[in-house]
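Novice: Provide a 3D model corresponding to the input given below.
(one chain, ligands or ions: 1)
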Amino acid sequence: MFDDLKVPQELMPSDPRFGSGPSLVPVDFLKSLAETGVHLMGTSHRKKAVRDLVGEMQQGMRDYFKLPKDFTVAIGNGGATFLFDMLALGMVEKKAVHFVCGEFSDKWFKASKKIPWIETEKVEVAAGDGITPKAVAGADVIACTLNETSTGVQIDSFPTVGPDQLLMVDATSGGGQVPCDVSKTDVYFFSPQKVFASEGGFFVAILSPKARERALKLAADKTRYIPDIMRWDLCIDNSDKAQTYNTPAISTIFFLNEQVKLMNKIGYAGVQKMAQAKADLLYGWAESKPYLSCFIKESKYRSVAVATIDVDEKVDVNPLIDKLDQDKIVYGIDAYRKLGRNQFRISLFHNITIADLEKLTKILSMAIESKL
Ligand SMILES: Cc1ncc(COP(=O)(O)O)c(C=O)c1O
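Specialist: Okay, here's the model as predicted:
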């Protein structure tokens, strides 16, 4: 259907990667890694070179999120999905309430639900609707997802939780650019393959003193069987020494550190502003075309990290997405597979430039209008 599509040279994006994760790792980062030669990759994570790298990255997070001194930047292998289990096993005392608005928030709820010694409750909205988490009485963990990657919903506001409650935020896909005062959360965690432009299989979990205390208290409770790889006491002890409990992928930490350095030059507020400008561009485009509409109806929940835009059923977007992918012009803008919508899902992650997003909107408009 789009076999004849020719994208003019002036609309060619500088980078084809518009996917919502894994995200665009800058080619400059790959070159910088190569320049470390024989002194980093293939050396021990218990030795100075790697520990200095890890320490620099942890300090970079502290500076970027303006963390109070008593917060912990915990790290480990396994990514956010691994943390879903690790948090439910070792940080929920009796009951967790999960605010669910799509695939990933539901996955986290399901992980918690499997733990036999805790109670779980789900507060859920339909896919495409926004959700505002609340400090539900009787729960000691309030679990919410900063940016629901499957639908493009972001949280509009965060509750103030009670002294015995922990506010946990899965910040995997919006962390770093979706507004959130991390110093007011207890566990703010992410895998770094989204805004933080690295690879998967790794996690950063920023812990408040309250969360650290809870984790260490529950780790001492030997009636709960927790595999060593998921033990918070081991994770925290290693993180305090700028190490991971088991061997990490050094390249992942390297790219993450490069990205934090880059984002620190602009600052958290500046990065959020840039993200909002990209979101305004995308949603403004959707509202200006009769054949497009924003999937998220309430504007306060529209993500500044992942934009979901529905397309009139008269034009099937899948052959267009396939053609742009085949021609290596645009990668990764298909809707979340389980949503099954005629939709573009476009990443607004920090390294994707507004100029490229502008070109992308023009390519898509040109292609769709040629078929109407
Ligand atoms: C919001 C959210 N949470 C969790 C995950 C799972 O991350 P990982 O695959 O690194 O475990 C993802 C992945 O896309 C995500 O978008």
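Novice: rest of the way, CA atoms for contacts and neighbours
Specialist: Will do.
Novice: where's whatever helix or strand residue 218 lives in relative to the chain centroid, distance-wise?
Specialist: Taking DSSP states H and E as the criterion, residue 218 maps to helix 209-219. Helix 209-219 has its C-alpha centroid displaced from the chain centroid by 24 Å (CA atoms, centre = their mean, to the nearest Å).
Novice: CA-only coordinates of that helix, as CSV, when you get a sec.
Specialist: Taking C-alpha atoms only, helix 209-219 is exported to CSV below (Å, rounded to 0.1, in the frame of the first residue of the first chain):
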residue,chain,number,x,y,z
PRO,A,209,15.8,6.6,54.3
LYS,A,210,12.4,5.2,55.1
ALA,A,211,12.6,2.6,52.3
ARG,A,212,16.2,1.7,53.2
GLU,A,213,15.1,1.1,56.8
ARG,A,214,12.1,-1.0,55.7
ALA,A,215,14.3,-3.1,53.3
LEU,A,216,16.9,-3.8,56.0
LYS,A,217,14.3,-4.6,58.6
LEU,A,218,12.5,-7.1,56.4
ALA,A,219,15.9,-8.6,55.2
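Novice: which stretches of the stretch 201-350 of the chain form strands?
Specialist: All strands of the stretch 201-350 of the chain, identified by DSSP state E, counting those that start in this stretch, fall at 202-207, 292-294, 306-311, 343-347.
Novice: Same check on the stretch 51-200 of the chain?
Specialist: Secondary structure of the stretch 51-200 of the chain (DSSP E, counting those that start in this stretch): strands at 72-77, 95-100, 119-124, 141-145, 147-148, 153-154, 166-170, 187-190.
Novice: partners of the second one in the sheet?
Specialist: In this case it means strand 95-100. strand 119-124 (parallel), strand 141-145 (parallel) (DSSP bridges).
Novice: do you know which of those strands lies nearest the ligand?
Specialist: When the strands paired with strand 95-100 are compared by CA to the nearest ligand atom, strand 141-145 sits nearest the ligand, at 6.1 Å.
Novice: in that closest one, what counts as buried?
Specialist: For strand 141-145, the neighbour count (16 or more other CA atoms under 10 Å) marks 141, 142, 143, 144, 145 as buried.
Novice: about what we covered before: want to throw the strands of the stretch 201-350 of the chain into JSON lines with mean pLDDT?
Specialist: Listed next are those as JSON lines, based on pLDDT from 0 to 100:
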{"stretch": "strand 202-207", "mean pLDDT": "98"}
{"stretch": "strand 292-294", "mean pLDDT": "98"}
{"stretch": "strand 306-311", "mean pLDDT": "98"}
{"stretch": "strand 343-347", "mean pLDDT": "98"}
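Novice: Tell me which of those sits nearest to the ligand.
Specialist: strand 202-207 (7.0 Å).
Novice: Show me what that closest one is packed against.
Specialist: Counting contacts by 3 or more CA pairs under 8 Å, 6 or more residues apart in numbering; DSSP states H and E, strand 202-207 packs against strand 72-77, helix 79-90, strand 187-190.
Novice: can we see that at 6 Å?
Specialist: Packing contacts for strand 202-207, counted by 3 or more CA pairs under 6 Å, 6 or more residues apart in numbering; DSSP states H and E, involve strand 72-77, strand 187-190.
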